[in-house]
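Asker: Make a model of this:
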Amino acid sequence: MTFRIAILAALALAATSGASHAADPRYPDWPCTQAKVPEVSLAAVWAGPPLDDIKDAWKSDAKVSSLVSKLAARKTPMDEAEKSVKEFLAGSAADKATNAKLLFAGLFETLNAQRSQVMNGLERTTRKQREAAEKIRDQTLELQALQSATPRDEARVEALSNELIWKTRIFEDRNKVVRFVCEVPTTIDQRLFALGRVIQQEME
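Answerer: Numbers count the residues shown, from 1 in each chain. Next up, the predicted model:
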């Protein structure tokens, strides 16, 4: 039992320090090693004509909005997405420039919204993990006190020990998920840039 408590104490200390660490002090809840970029700028992913005259017009075009949804979905393979862009723009030669702008405007807004949703979720999880780490730490100290008490409440020691093992396992599993999800904003950025490039090439 003492060995188990020592493991829990070490995990609790690591959990607390890990959950409170932030690479950038401007974003204390940002858990990723990648720098937080709250929003992708249009200039970073689009070198085509200005989109000022487009704004939200893409939402009123059923064909464009449907294609935007398909292209923005990460489950759609990139080769399939690029093929869909080429087919769509090739089939509308007379309005190619306008349709290209509508398509990219929709992608830019949709994928930026996806990024924001993922990033907000990561920061919410960080706050929950910080709270969980503090509870693990406090309960570890409680367990150590129970272990040293005379007489010792073996039933309570066993129950709290099992509870801590379970909570620590959940904490570590969530940390693994966070590390995976940290890659998603970058994946979205790459998708937006790649599709923007294809759209611009088709316009030319």
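
Asker: In contact with D53, which residues?
Answerer: By CB atoms under 8 Å, 6 or more residues apart in numbering, the contact set of D53 is K101. All C-beta spots, glycine's among them, are computed from the backbone N, C-alpha and C.

Asker: quick one, phi/psi of it?
Answerer: phi -80, psi -10 (degrees, to the nearest 10).

Asker: center of the chain, which residue is that?
Answerer: V118 (3.6 Å; CA atoms, centre = their mean).

Asker: where does that residue land on pLDDT?
Answerer: The model reports V118 with a pLDDT of 96.

Asker: That one contacts T187, doesn't it?
Answerer: No: between V118 and T187 there is no contact under CB atoms under 8 Å: 9.5 Å.

Asker: Need the single longest helix in the chain, by residues.
Answerer: helix 96-148 (DSSP state H).

Asker: Following element in sequence after that one, please.
Answerer: helix 154-181 (DSSP states H and E).

Asker: buried ones in that following helix?
Answerer: V157, L160, S161, L164, K167, T168, F171, R174, N175, V178, V181 (16 or more other CB atoms under 10 Å).

Asker: doesn't R137 make contact with the fourth one?
Answerer: It stands for L164. No: with contact defined as CB under 8 Å, L164 does not reach R137; the gap is 10.1 Å.

Asker: Could you measure from R179 over to A132?
Answerer: 16 Å (CB to CB, to the nearest Å).

Asker: follow-up on the earlier one: what's the residue nearest to the centre of the chain in contact with, if anything?
Answerer: By CB under 8 Å, 6+ apart, the neighbours of V118 are V181, V184, P185, I188.

Asker: what's the angle from the longest helix of the chain to helix 154-181?
Answerer: 160 degrees (axes from the mean of the first three to the mean of the last three CA atoms, to 10 degrees).

Asker: And the spatially closest residue to A44 that is not a sequence neighbour, how far from F108?
Answerer: Residue nearest to A44 in three dimensions, not counting chain neighbours: F193, with 7.8 Å by CB to CB, 6 or more residues apart in numbering. Relative to F108, F193 is positioned 11 Å away (CB to CB).

Asker: Give me the common contacts of these two.
Answerer: Joint contacts of F193 and F108 (CB under 8 Å, 6+ apart) are V45.

Asker: List just the nearest of the buried residues of helix 154-181 to K63.
Answerer: V181 (32.1 Å; CB to CB).

Asker: dump the residue contacts of the closest one.
Answerer: V118, G121, L122.
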